[in-house]
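Enquirer: I would like the atomic coordinates for the input below:
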Amino acid sequence: MVDETPAILSLLKKQAEDRYITLAAAQKIALQNSTTLASVESLALQHSILPLRYKRNGLNSAEQLTLFKSTVAIIGCGGLGGRNAEILSRIGVGHLILTDPDIFSESNLNRQMFCTADNLGQEKVTVLERELQKINPALDTSLHCNHFDRSSILRADTVIDALDSAEARKELATLCQKEDIPLVHGAVNGWYGQLGVDNRTNSIINTLYQRTDGKTTAPRVVPMTVALIATMQATEACKLLLGKGTTIDKGWLQCDLYNGDFEVIEA
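Expert: Residues are numbered from 1 along each chain as shown. The predicted structure is shown next:
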C-alpha cells in the first residue's frame, strides 16, 4: 500500500496560512485523498498545523493533539452531560463515549443543552451525536443507549459523572476506581451545585453519599446552575487530560449561586 501521508502533508502545508488550516480546506484534502477529516487534522497537529477553529483556545499544537487523542466518557447526557459534551467537542477532545438510556421529554427543555421542541421523544445519545457533528465534524463518538457498564468507560482517559441518582453515582465511582480512571463528579439542586474529582485515593463519591435510602426524588434544577457545574466539570476534565492535575482532588467544591457563595470542603 502506498503511503499517502507525504502527499497529504504537502497539501496541508500549501493550504495552511500562518500555521492554521481552515475546516473547508481540511475537508477538501480529506475528500481528495479518500480519507477522514480526523486523519487529516491529526496529521496537521502532528506537524504543528492547527485547525483554525481552535485558534482562540490558546493551546499549542502539542496540547491540541493531546486532546484530539483523548477519550472522555460522559455518563448521563441530560443537563450536565449535554453541556459537557458541547464544551469538550468545541475545545477539541477527539472521542466522546456517550451513555444514557433516556429520551428527551418536555421537562428537559428548561436546562438540557440539546433538547428542543423538535426532538422530544428522541434518544438523547442519538441527538447529541448528530448535533455535535455540526460543531466538530472531526469528532468520533461511541453511543450507549443503555445503563452504563464497564464498556461505557473502558477506553476513557477521564469519565464525567452526569447522573441523577446517588446509587448510580456510587456504582460508577466503584467502576472507575477498579479501572483507575479519574471521575469528574458534578451534581445540582436548584441554585446549589457541587464538584469533585473522585479517584482511588479519595473516594469523594462515597464521602458525599454515605447514606442513601434508595429513593430518588427529582431535584429542582435551574439552567444557570447546570451551566456552571458542567463548565467546571469540563474544565477539570481538560486539565486532567493535559496533565495539569486538579485543585479539588482532596475534597469538593460547593456552590450557592443564589447567595454567591463558593467553598472548598476538605474530605
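Enquirer: I'd say A166 and Q210 touch.
Expert: No - counting by CB atoms under 8 Å, no contact exists between A166 and Q210, whose distance comes to 9.7 Å. Any C-beta I mention is one placed from the backbone N, CA and C, and that applies to glycine too.
Enquirer: with neighbour numbers in mind, choose between the two.
Expert: Just comparing A166 and Q210: by other CB atoms under 10 Å the higher neighbour count belongs to A166, 19 against 9.
Enquirer: V264: neighbouring residues, count only.
Expert: 13.
Enquirer: show me what it is bridged to.
Expert: Beta-bridge pairing of V264 under DSSP bridges involves L253.
Enquirer: any idea how far it lies from N199?
Expert: Distance check for V264 against N199: by CB to CB, to the nearest Å, it reads 17 Å.
Enquirer: and I75, by the same measure?
Expert: Taking CB to CB, one finds I75 at 16 Å from N199.
Enquirer: ok, R83 next?
Expert: Relative to N199, and taking CB to CB, R83 is found at 23 Å.
Enquirer: okay, the two: which has more neighbours?
Expert: Each of R83 and N199 has its neighbours counted (other CB under 10 Å); R83 has more, 26 against 18.
Enquirer: give the next helix or strand downstream of the helix or strand where the more buried one lies.
Expert: Using DSSP states H and E, R83 maps to helix 79-91. Sequence order places strand 95-99 as the next helix or strand after helix 79-91, per DSSP H and E.
Enquirer: for that following strand, which outside residues touch it?
Expert: 70-77, 81, 85, 88-89, 124-125, 128-129, 132, 139-144, 146-148, 152-153, 155-156 (CB atoms under 8 Å, 6 or more residues apart in numbering).
Enquirer: restricted to buried residues, select these in PyMOL.
Expert: Buried subset of these, written as a PyMOL selection, criterion 16 or more other CB atoms under 10 Å:
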select buried, resi 70+71+72+73+74+75+76+77+81+85+88+89+124+125+128+129+132+139+141+142+143+144+148+152+153+156
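Enquirer: among the contacts of strand 95-99, which are in strands?
Expert: Using DSSP state E to define strands, the subset of the contacts of strand 95-99 located there is T71, V72, A73, I74, I75, D140, T141, S142, L143, H144.
Enquirer: and the residues you listed, which two are furthest apart?
Expert: Longest distance between any two of the ones in strands among the contacts of strand 95-99 is 17.7 Å, between I75 and D140; criterion CB to CB.
Enquirer: what's the model's confidence in the one helix or strand R169 maps to, averaged?
Expert: Here R169 sits within helix 166-179, counting by DSSP H and E. Confidence over helix 166-179, taken as the mean pLDDT, stands at 96.
Enquirer: kindly report the same for stretch 28-46.
Expert: For stretch 28-46, mean pLDDT rounds to 97.
Enquirer: alright, that wraps it up for me.
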